[in-house]
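Q: Just need the structure, nothing else, for what follows:
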Amino acid sequence: YCTKSSHFSFVMEEALKHDVHLETSSAFDINLIRSLYQSKKIDLEKIIICNGYKRPQYIENIIGLINDGFTNVIPVLDSVNELEKFEKKLKGKKKVKVGIRIASDEEPDFEFYTSRLGIRHDEIKDYYMKHLKRNPRFKLKMLHFFIDTGIKDVNYYWTEFHKALDVYCDLKKICPELNTINLGGGMPIKHSLASDFDYEYMINEIVSQ
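A: Okay, the predicted model is just below:
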């Protein structure tokens, strides 16, 4: 459950009744995680995926969770510069599971056409070899694939999706601890009476591919 979808406690508590894990997007969200732990709504083993741009306070808060014993906090690296910022803050011999966001090529007519978030497809393997493979403090566990326009049954989505799968399979050969691909962007919601989206077909197609 992505906490930025709704911060209301009654929404988050209802989501947690269904055995979900959590995703954060900002420093503020880490305070929610701590509050949920203090009220015994989650335990230290809950998976906490930390997405989004990592401002200094956000990094500080993420490291705080790791140093306090949360065992499944997974910061997703949005750029080649983020790893160094985490390494400077780590105490003792703490080890961190990390993810990498794959930079996607947005549709040319998309309002926010950009590839600034994430690491390019053709740079990820080299980045892993140089910065993660022999670094005892970090383990690569996840690749994060995100399309701003969301999950849609169009050629553009499937093209980017297959690029991400190729990166995952290629990287898995040299990084056996990599075990998760995280699909962001979300399913479309109905915004008119004419909306017609086959959720079951799309889910089955994604899983089968």
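Q: CA atoms only: put the helix or strand of the chain with the lowest mean pLDDT into CSV for me.
A: The least trusted helix or strand in the chain, going by mean pLDDT, DSSP states H and E, turns out to be helix 82-89, with a mean of 88. C-alpha atoms of helix 82-89 as CSV (Å, rounded to 0.1, in the frame of the first residue of the first chain):
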residue,chain,number,x,y,z
GLU,A,82,21.9,8.3,-3.8
LEU,A,83,23.9,5.3,-2.7
GLU,A,84,26.8,7.4,-1.4
LYS,A,85,24.4,9.5,0.7
PHE,A,86,23.1,6.4,2.4
GLU,A,87,26.5,5.0,3.0
LYS,A,88,27.6,8.1,4.9
LYS,A,89,24.7,7.8,7.3
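Q: following it, which helix or strand comes up?
A: Where DSSP states H and E defines the elements, the next helix or strand beyond helix 82-89 is strand 96-102.
Q: ok, residues contacting the least confident helix or strand of the chain?
A: Applying C-beta atoms under 8 Å, 6 or more residues apart in numbering, the external contacts of helix 82-89 come out as 54, 56, 59-60, 62-63, 75, 77, 96, 98, 131-132, 137-138. The way it works is simple: take the backbone N, C-alpha and C, and place the C-beta from them, glycine included.
Q: and the longest helix for this protein?
A: Longest helix in the chain, counting residues (DSSP state H): helix 155-172.
Q: how much does that one deviate in direction from strand 96-102?
A: 140 degrees (axes from the mean of the first three to the mean of the last three C-alpha atoms, to 10 degrees).
Q: Flag every buried residue along helix 155-172.
A: Residues Tyr156, Tyr157, Glu160, Phe161, Lys163, Ala164, Val167, Tyr168, Leu171 are the ones in helix 155-172 that count as buried (16 or more other C-beta atoms under 10 Å).
Q: need the contact list for the fifth one.
A: Contact analysis of Lys163 by C-beta under 8 Å, 6+ apart lists Ile102, His121.
Q: could you measure it against Met129, distance?
A: As defined by C-beta to C-beta, to the nearest Å, Lys163 lies at a distance of 19 Å from Met129.
Q: again, but for the second one
A: Tyr157 sits 29 Å away from Met129 when distances are taken as C-beta to C-beta.
Q: any low-confidence regions in the protein?
A: 106-116 (pLDDT under 70).
Q: just the strands in it please.
A: 22-24, 48-50, 73-77, 96-102, 138-145, 180-183 (DSSP state E).
Q: As a markdown table, these with distance to Lys152 and mean neighbour count would be great.
A: Converted to a markdown table, the strands of the chain look like this (distance: least, C-beta to C-beta, whole Å; neighbours: other C-beta atoms under 10 Å):
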| stretch | distance to Lys152 | mean neighbour count |
| --- | --- | --- |
| strand 22-24 | 21 | 23 |
| strand 48-50 | 23 | 24 |
| strand 73-77 | 22 | 25 |
| strand 96-102 | 18 | 22 |
| strand 138-145 | 14 | 21 |
| strand 180-183 | 12 | 16 |
